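Colleague: Here is my input, please return the structure:
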Amino acid sequence: MSAATNFDAIFEQADPWGFETLWYEARKRDVLMAALPEKRYGRALEAGCATGLLTAELATRCDTLLAVDLAERAVRRTQARMAALPHVDVRRATLPADWPAGTFDLIVLSEIGYYFERDDWRDTARHAGAALNPNGTIVACHWLRPFAERRLATRHVHGDVAHQPGLHRHVRHVEPDFVIEVWSRNPQALRLREAMQ
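Modeller: The predicted model follows:
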């Protein structure tokens, strides 16, 4: 990830990016949660947990959740928010170097990819693909508009995830400001899977 952005300084602000106060941010979280094809996930990874608002929502649908962020202040804020939830583990990690061990049923890459240098993001996408369980889900959500700290276009961020072997896209939701895409190892659509049960 680019060292040009001082995330610890950003997380000194009470409400960076308006996560707590903007309807846009609350609605985007709702759209992301609605896009997840499974009702429940076993082990999940959230890369870039920020202040933990999305973490709290993911925690309601995961048996265990590992939330990571490179900013120590973000980690502390998320740890405080998740203190009453023993199935949520919040850690500091710089991706791709600190990619966590093991495999996951859900990997969430939200609003982080465009801060990476290209090779680091490609490595992160490769780690995500390699760490995904059979029938697992990867969701990516990213801002589409230009901004000063952007290192990668969102089309490259999502394209690098989409090119991982064995992924099938199930959702592509595009608005003027952001895009959410969901890929799964399972090629079958949710309704078809439920009909077969």
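Colleague: And the strands in the protein?
Modeller: Ranges of strands in the chain, per DSSP state E, are 41-47, 62-69, 88-92, 104-110, 132-143, 168-174, 178-184.
Colleague: For those, could you give me JSON lines that also reports distance to Leu22?
Modeller: In short, each C-beta sits where N, CA and C put it, glycine included. Formatted as JSON lines, these follow (distance: least, Cβ to Cβ, whole Å):
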{"stretch": "strand 41-47", "distance to Leu22": "20"}
{"stretch": "strand 62-69", "distance to Leu22": "20"}
{"stretch": "strand 88-92", "distance to Leu22": "23"}
{"stretch": "strand 104-110", "distance to Leu22": "15"}
{"stretch": "strand 132-143", "distance to Leu22": "13"}
{"stretch": "strand 168-174", "distance to Leu22": "18"}
{"stretch": "strand 178-184", "distance to Leu22": "12"}
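Colleague: Format those strands as TSV; extra columns: mean pLDDT and distance to Ile10.
Modeller: Output for those, formatted as TSV (pLDDT from 0 to 100; distance: least, Cβ to Cβ, whole Å):
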stretch	mean pLDDT	distance to Ile10
strand 41-47	99	17
strand 62-69	98	11
strand 88-92	98	15
strand 104-110	99	16
strand 132-143	98	15
strand 168-174	98	26
strand 178-184	98	19
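Colleague: got those strands as a markdown table, with mean neighbour count and distance to Ala153 columns?
Modeller: What follows is those, written out as a markdown table (neighbours: other Cβ atoms under 10 Å; distance: least, Cβ to Cβ, whole Å):
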| stretch | mean neighbour count | distance to Ala153 |
| --- | --- | --- |
| strand 41-47 | 23 | 19 |
| strand 62-69 | 22 | 23 |
| strand 88-92 | 18 | 28 |
| strand 104-110 | 24 | 15 |
| strand 132-143 | 21 | 10 |
| strand 168-174 | 15 | 14 |
| strand 178-184 | 22 | 11 |
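Colleague: helices and strands of this protein: which one bottoms out on pLDDT?
Modeller: Between all helices and strands in the chain, the lowest mean by mean pLDDT, DSSP states H and E belongs to helix 190-196, at a mean of 72.
Colleague: how far out from the middle of the chain is that one?
Modeller: Centroid displacement of helix 190-196 relative to its chain, using Cα atoms, centre = their mean, to the nearest Å, is 26 Å.
Colleague: what's that helix in contact with?
Modeller: 37, 170, 186, 188 (Cβ atoms under 8 Å, 6 or more residues apart in numbering).
Colleague: redo that, cut-off 7 Å
Modeller: Residues outside helix 190-196 that contact it (Cβ atoms under 7 Å, 6 or more residues apart in numbering) are Pro37.
Colleague: cool, and stretch 126-142?
Modeller: 28, 32, 35-38, 96, 99, 103-111, 113-114, 154, 157-158, 161, 164-165, 167, 178-186.
Colleague: can you do 6 Å?
Modeller: For stretch 126-142, contacts defined as Cβ atoms under 6 Å, 6 or more residues apart in numbering pick out 32, 96, 99, 103-110, 113, 154, 157-158, 161, 164, 180-186.
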